[in-house]
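**Student:** Sequence first, predicted coordinates after that:
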Amino acid sequence: MADRNEKAKSTTKTTTTLPSLYLAEGSESSDISDAQLRDFLSKFLDSLGERDEILILPPDFSRFHSQAGKITKFICEHYKCIPTKEEDNVGTKDGNSQIETNAETTTGVGVPNIEILPALGTHAPMTVDEIRKMFGEELAQKSAECFFVHDWRNDVVTIGEVPNELVLKATYNAVDRTWPVQLNKMVWAKRLANNNNKPRRPLVLSIGQVVPHEVMGMSNFNKNLFVGTGGVEAINLSHFIGAVHGMERMMGRKDNPLRDILNHASQHFLQNELDLWYILTVVSPLKEGESSSSNNDDNLCLRGLYIGRDVECYSQACDLSLKVNFTVMDKPISRCVVYLDPHEFHSTWLGNKAIYRTRMAMADQGRLIILAPGVKRFGEDDQVDKLIRKYGYKGTPITMQQMKDHVELQDNLSAVAHLIHGSSEGRFHITYCPGHLTRDEIISVGFDYDDLDQVSQRYNVATLQDGWNTDEKGEFYFISKPALGLWAVESRFQEDTV
């Protein structure tokens, strides 16, 4: 359980004199190259002055396309923690370096201690292979000394509480309790009050992609800390608040009651405690006829880069993300095929993004077909996996009743929220085609099942184009990267905004 004896007491102000919004670079047509990205980061880090300790909070492999792996690598190169390369293919699926390192030294006086804590939230720890693919060979070789694992059940402290009034507002008076503000102990150890006797203050860099999100409306910003490095109580309650408020009222909205809770926590318990900077990206697929100036193999483009200390950085990134990551459909989708990359999606806990991101576009009684070659379990940890297998995706009324009847669900509200989010509420049909789960397992949790090999012959992802396609049965809509977008019929999006 979280340590409740670590409340925020200090009001020490950071000595950083930079503007709170350091950089806002990007547009719908921007294509930020690796060289530009490296230059933006180097100038920013230079402006912060020398540091002895740096804690980097990137996302995990489930956010592979965020460019956070590349940014983390460039930061480590800047501080000479690893050799600098003129070119590399970090952020590509093989992760191997392409050219020889230069002659710059990577050791000696002035090299800060860099710690990398992937913001796992409830997710499984990254493997060395995932670190290699996302962050590059040099950091993979240092994984034992540089990378740390966030344990959401044990490694957190509670630094404050958000008043119950904000929770009541977010849940339409259904939940009357405070929200615990929790962080990984490594993050809280970097607070200024603990380091006043040091010549150089510790630096915390939170990195990630802003994109529509099923729980928070829009991803990242302070979510990367309070959920990505948060604890059981905070994560459970935040997910449940999002479910009670309504996922379809949440997705694609940068301003919402749950974000208000996290913003309150930032302003009252975090902003003056850490020298904390957010490095936020906006990434989208290349448009037809476009080619990217970045060294990627995934047909993606870095549209925006935002660096700042407060909500304005996040707000501007959201504005661009909604322009490039939100697809407004002119008609509902009767048949939708979504592909889950086996490198990224190993569970329905993650793979259900195929459901979340398309539900506002699906026609009544439509069919959502999920090709999931890498899915081998339901939950990201054993406890949640057991709960999903036991209770299934049965819709809000049944799940809420199950929660009232069973203490184990009351103690795992994030699982309750996930079960609610993973149901179509009977409005459309969901067919899972997993690579490693059986027909009985899939049907037992409430989904329809089909054979992956047979369905993959009908829908060859190597030849399909994102968007509308046709076959002998008529038209269908294909999505290859569901985590990078949100699809909705305009009328349904407007209805759920009210």
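**Tutor:** Yep, that arrived.
**Student:** how far out from the middle of the chain is the host helix or strand of residue 278?
**Tutor:** Assessed by DSSP states H and E, residue 278 sits inside strand 276-285. Its chain's C-alpha centre and that of strand 276-285 lie 11 Å apart, by C-alpha atoms, centre = their mean, to the nearest Å.
**Student:** Which positions within it qualify as buried?
**Tutor:** Using 16 or more other C-beta atoms under 10 Å as the test for burial, strand 276-285 gives 276, 277, 278, 279, 280, 281, 282, 283, 284, 285. (C-beta placed from N, C-alpha, C; glycine too.)
**Student:** Please name every helix or strand in contact with the helix or strand following it.
**Tutor:** Next in sequence after strand 276-285, counting helices and strands by DSSP H and E, comes strand 300-308. The contact analysis (3 or more C-beta pairs under 8 Å, 6 or more residues apart in numbering; DSSP states H and E) places strand 300-308 against strand 21-26, helix 34-47, strand 276-285, helix 311-324.
**Student:** do that again at 10 Å, thanks
**Tutor:** Other elements packing on strand 300-308 under the criterion 3 or more C-beta pairs under 10 Å, 6 or more residues apart in numbering; DSSP states H and E are strand 21-26, helix 34-47, helix 68-78, strand 203-209, strand 276-285, helix 311-324.
**Student:** Show me the one of those that comes nearest residue 264.
**Tutor:** helix 311-324 (11.1 Å; C-beta to C-beta).
**Student:** what is the rounded mean pLDDT of whichever helix or strand comes after the closest one?
**Tutor:** Per DSSP H and E, helix 311-324 leads on to strand 326-329 as the next helix or strand towards the C-terminus. For strand 326-329, mean pLDDT rounds to 95.
**Student:** Now do the buried residues in strand 326-329.
**Tutor:** 326, 327, 329.
**Student:** Redo these as a markdown table? Include distance to residue 439.
**Tutor:** Output for those, formatted as a markdown table (distance: C-beta to C-beta, whole Å):
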| residue | distance to residue 439 |
| --- | --- |
| 326 | 35 |
| 327 | 32 |
| 329 | 31 |
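**Student:** where in the stretch 51-200 of the chain is pLDDT low?
**Tutor:** 86-109 (pLDDT under 70).
**Student:** can you map out the helices along it?
**Tutor:** With DSSP state H, counting those that start in this stretch as the criterion, the stretch 51-200 of the chain has helices at 68-78, 128-135, 137-141, 143-146, 164-170, 185-188.
**Student:** Past whichever strand or helix holds residue 249, which element shows up next along the chain?
**Tutor:** Assigned by DSSP H and E, residue 249 belongs to helix 247-250. For helix 247-250, the succeeding helix or strand toward the C-terminus, using DSSP H and E, is helix 257-265.
**Student:** and that following helix, C-alpha only, in PDB?
**Tutor:** C-alpha atoms of helix 257-265 as PDB (Å, rounded to 0.1, in the frame of the first residue of the first chain):
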ATOM      1  CA  PRO A 257     -13.800  16.700 -14.800                       C
ATOM      2  CA  LEU A 258     -11.200  14.000 -14.500                       C
ATOM      3  CA  ARG A 259      -8.500  16.200 -16.000                       C
ATOM      4  CA  ASP A 260      -9.600  18.900 -13.500                       C
ATOM      5  CA  ILE A 261      -8.700  16.500 -10.700                       C
ATOM      6  CA  LEU A 262      -5.200  15.800 -12.000                       C
ATOM      7  CA  ASN A 263      -4.700  19.500 -12.700                       C
ATOM      8  CA  HIS A 264      -5.700  20.400  -9.100                       C
ATOM      9  CA  ALA A 265      -3.100  17.800  -7.900                       C
END
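**Student:** What angle do helix 311-324 and it make with each other?
**Tutor:** Per axes from the mean of the first three to the mean of the last three C-alpha atoms, to 10 degrees, the angle that helix 257-265 makes with helix 311-324 is 150 degrees.
**Student:** Quick check: buried residues in helix 257-265?
**Tutor:** Applying 16+ other C-beta under 10 Å to helix 257-265 flags 257, 258, 259, 261, 262, 263, 264, 265 as buried.
**Student:** ok now that helix, how far from the chain's centre?
**Tutor:** Centre-to-centre, helix 257-265 and its host chain are 17 Å apart (C-alpha atoms, centre = their mean).
**Student:** Going by contacts, tell me the helices and strands next to that helix.
**Tutor:** strand 156-162, helix 164-170, strand 179-184, strand 217-218, helix 223-226, helix 232-245, helix 247-250, helix 311-324.
**Student:** that older thread, sheet partners, orientation included, of the strand holding residue 278?
**Tutor:** Within its sheet, strand 276-285 is paired with strand 203-209 (parallel), strand 300-308 (antiparallel), according to DSSP bridges.
**Student:** Comparing the ones you listed, which comes out most buried?
**Tutor:** strand 203-209 (a mean of 25; mean count of other C-beta atoms under 10 Å).
**Student:** Listing partners with orientation, what would you give for the helix or strand following that strand?
**Tutor:** Per DSSP H and E, the first helix or strand lying C-terminal to strand 203-209 is strand 212-213. Strand 212-213 has its sheet partners listed here by DSSP bridges as strand 217-218 (antiparallel).
**Student:** ok, and what's touching the strand it pairs with?
**Tutor:** 210-212, 223, 242, 245, 247, 249-259, 314-315, 317-319, 321-322, 325, 486 (C-beta atoms under 10 Å, 6 or more residues apart in numbering).
**Student:** Same list (the helices and strands packed on helix 257-265) but as TSV, adding distance to residue 117.
**Tutor:** TSV is the format used below for those (distance: least, C-beta to C-beta, whole Å):
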stretch	distance to residue 117
strand 156-162	12
helix 164-170	27
strand 179-184	6
strand 217-218	22
helix 223-226	10
helix 232-245	16
helix 247-250	27
helix 311-324	20
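**Student:** returning to what we had before: what is the nearest of the buried residues of strand 326-329 to residue 462?
**Tutor:** residue 327 (22.2 Å).
**Student:** Now that closest one. Nearest residue, chain neighbours left out?
**Tutor:** Nearest-residue entry for residue 327: residue 487, 4.8 Å, with adjacent residues in sequence omitted and distances by C-beta to C-beta, 6 or more residues apart in numbering.
**Student:** so who does the one you found touch?
**Tutor:** The neighbours of residue 487, taking C-beta under 10 Å, 6+ apart as the test, are 212, 325-329, 333, 336, 338, 357-362, 477, 479, 493.
**Student:** ok, 6 Å please
**Tutor:** Contacts of residue 487 were listed using C-beta atoms under 6 Å, 6 or more residues apart in numbering, and they are 327, 358, 361.
**Student:** tell me which element it falls in.
**Tutor:** Assigned by DSSP H and E, residue 487 falls within strand 486-489.
**Student:** contacting residues around residue 213?
**Tutor:** Per C-beta under 6 Å, 6+ apart, neighbours of residue 213: residue 219.
**Student:** Is it bridged to anything, and to what?
**Tutor:** With DSSP bridges as the rule, residue 213 is bridged to residue 217.
**Student:** I'd like the distance between it and residue 258.
**Tutor:** Distance, residue 213 to residue 258, using C-beta to C-beta, to the nearest Å: 10 Å.
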